[in-house]
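*Asks:* Quick one: sequence and predicted model below, then my questions.
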Amino acid sequence: MNTKAIKGYFSIVALAAISFSANAQVPDKLIDPANMDLNVKPGDDFYNYASGTWIRNNPVPPKETRWGSFNMLRDFNINAVKGLLADAAGDKSAAAGSVKRRVGDFYKAAMDSTAIEKLGYTPIKSDLQRVRQLANIQAILDHVTQLRVSGVAAPMYGFSVGQDRKNVTKYAVQLSQGGTTLPNRDYYLKDDSRSAQIR
């Protein structure tokens, strides 16, 4: 799998989404008094004074655990990107090799669950064989290095640069546990019929 090409596709999609959202309507006012509850004294409850009407008019949807303008922005962006991808996938006139055609083909391939199920683990079989051949610590470290270079994020450990927790005016190199990305232990150990069916 060519991870550079995949990153390129996602970069194109992200740029298209930014372009799409840049053309979205911008509100005239940064602070809209219609969202405020002017019946509340700001000294008693500033939160409801500043946002009370908006909160009443925008209840938390049943499928969400919280709700706010950033959730709305997230949903807008998800739908915008999905629309761009679906448009690219459905455009039969896009020239072979063009960005639109490649993005559309990539999206169609990702959505083709029948083909994915038919392939099974064949696309990663060679990767699994390489893992099976790791015989010592040095081989594991070399493999982790190869994974990082090929674009696999955080195998075994995370590596980043962030604010120093002891001195926020400086940045420090940070290592973190990479995790196994496996489910909760109950996924493997529960023996009820539903858990067995999921497995």
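*Replies:* Thanks, I have it. Residues are numbered from 1 along each chain as shown.

*Asks:* helix or strand for the residue sitting nearest the centre point of the chain, which one?
*Replies:* Centroid-nearest residue in the chain: Ile78, 9.9 Å away (criterion: C-alpha atoms, centre = their mean). Ile78 is part of helix 69-90, with elements assigned from DSSP states H and E.

*Asks:* now for that helix, which elements pack on it?
*Replies:* Packing partners of helix 69-90 (3 or more C-beta pairs under 8 Å, 6 or more residues apart in numbering; DSSP states H and E): helix 3-22, helix 99-111. No exception for glycine: its C-beta is placed from N, CA and C like everyone else's.

*Asks:* angle of it against helix 99-111?
*Replies:* Interaxial angle, helix 69-90 versus helix 99-111 (axes from the mean of the first three to the mean of the last three C-alpha atoms, to 10 degrees): 100 degrees.

*Asks:* Helix 69-90: which residues count as buried?
*Replies:* Buried positions in helix 69-90, judged by neighbour count with 16 or more other C-beta atoms under 10 Å: Ala80, Val81, Leu84, Leu85, Ala88, Ala89.

*Asks:* The fifth one: what's it in contact with?
*Replies:* In this case it means Ala88. Ala94, Lys100, Arg101, Val103, Gly104, Tyr107 (C-beta atoms under 8 Å, 6 or more residues apart in numbering).

*Asks:* mind redoing it with 6 Å?
*Replies:* By C-beta atoms under 6 Å, 6 or more residues apart in numbering, the residues touching Ala88 are Lys100, Val103, Gly104.

*Asks:* pLDDT wise, what is Ala24 at?
*Replies:* If you check Ala24, the pLDDT there is 57.

*Asks:* let's have the chain start at 224 instead
*Replies:* Yes, from this point I'll number from 224; that puts the last item at Ala247.

*Asks:* Let me know the secondary structure of Ser383.
*Replies:* strand (DSSP: H, G, I helix; E, B strand; the rest coil).

*Asks:* What's the local residue count around the closest residue to it other than its chain neighbours?
*Replies:* Distances taken as C-beta to C-beta, 6 or more residues apart in numbering place Gln397 nearest to Ser383, at 5.1 Å, with adjacent residues excluded. By other C-beta atoms under 10 Å, 13 other residues sit near Gln397.

*Asks:* Am I right that Gln397 is in a helix?
*Replies:* No - applying three-state DSSP, one finds Gln397 to be strand, outside a helix.

*Asks:* Check the helices and strands packed on helix 292-313 for me: which has the lowest mean pLDDT.
*Replies:* Among the helices and strands packed on helix 292-313, helix 226-245 carries the lowest mean pLDDT, a mean of 59.

*Asks:* domains for the protein, by residue range?
*Replies:* What automatic domain parsing lists as the domains of the chain is 226-342, 378-422.

*Asks:* Put together TSV for those, with distance to Thr368 on each row.
*Replies:* Putting those into TSV (distance: least, C-beta to C-beta, whole Å) gives the following:
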stretch	distance to Thr368
domain 226-342	15
domain 378-422	9
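
*Asks:* Could you single out the most deeply buried of those domains?
*Replies:* domain 226-342 (a mean of 13; mean count of other C-beta atoms under 10 Å).

*Asks:* Determine how far it lies from the middle of the whole chain.
*Replies:* Domain 226-342 has its C-alpha centroid displaced from the chain centroid by 12 Å (C-alpha atoms, centre = their mean, to the nearest Å).

*Asks:* Appreciated, that's everything.
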